[in-house]
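J.: Here is my input, please return the structure:
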Amino acid sequence: MAMFGKDGKPSDVRTPPNDAILSIVAAGMRLIGDLDGPGLLKIDGRVEGSISGPRQVIVGRDGVVQGNVQASEVILAGTVDGSVVSTERVEVQGTAVVNGDIHTRSIVVNEGARINGAVRMGVSSASDIADRPAVQVMR
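T.: Coordinates of the predicted model:
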C-alpha cells in the first residue's frame, strides 16, 4: 500500500506484523457475526458470533461473547456463552463466567470465577507428554 508524502511522491507504508495487530470491540458496541483474524482482540462490548484465529483474546469485565472462542491464549474477565479452545493457556479471572467447555494445555482459575462446563486439558502429540498441562488455582 502506498501513501503520498508532502512532495507528492509515494512513500512506503509497511503493514504491522500479525502479532502487532490490535482490534477492539469497545464498551457499548455490539458486533453480530463471526470474527477471524490475527493479533490481539480485546472485547469490552458484545460479540454475537464465534471468534477464531487471534494469538490472544481478552474478554474484559463487561465484555460478552455469545459464541465459541478459539485462540492461542485466552484471558477471560467477562462472560462467554460457548466453548473456549486454546492451544496454549486460558486464564479465568474472578469476575468471569464461562457457560461452555474449556479445552486448553494450561489453565489458571481465580477464586470467584464460574465455569459451567467441562475443562479438558490435553497434549497434542506424544512428544508433548513431558510438558504436561498445569492447573493452577489462584486465591
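J.: Let me know the secondary structure of the spatially most central residue of the chain.
T.: Centroid-nearest residue in the chain: V57, 1.8 Å away (criterion: C-alpha atoms, centre = their mean). Here V57 is strand, with the state taken from DSSP: H, G, I helix; E, B strand; the rest coil.
J.: is it true that it touches P38?
T.: No - counting by C-beta atoms under 8 Å, P38 is not a contact partner of V57; they are 11.6 Å apart. Backbone N, C-alpha and C define where each C-beta goes, glycine included.
J.: what touches both of these two?
T.: By the contact definition C-beta atoms under 8 Å, 6 or more residues apart in numbering, V57 and P38 are jointly contacted by no residue.
J.: Just list the residues touching the residue nearest to the centre of the chain, thanks.
T.: For V57, the contact set (C-beta under 8 Å, 6+ apart) comprises 40-41, 43, 51, 69, 71, 73-75.
J.: hmm, try it at 7 Å
T.: 41, 51, 69, 71, 74 (C-beta atoms under 7 Å, 6 or more residues apart in numbering).
J.: Quickly note the distance from the third one to R46.
T.: As defined by C-beta to C-beta, to the nearest Å, V69 lies at a distance of 14 Å from R46.
J.: For these two, indicate the residue with more neighbours.
T.: V69 (27 against 19; other C-beta atoms under 10 Å).
J.: Would you mind measuring from A96 to A77?
T.: Distance, A96 to A77, by C-beta to C-beta: 5 Å.
J.: typed the wrong thing, it's R55
T.: Using C-beta to C-beta, we find R55 at a distance of 18 Å from A77.
J.: So these two - more neighbours on which side?
T.: Just comparing R55 and A77: by other C-beta under 10 Å the higher neighbour count belongs to A77, 21 against 16.
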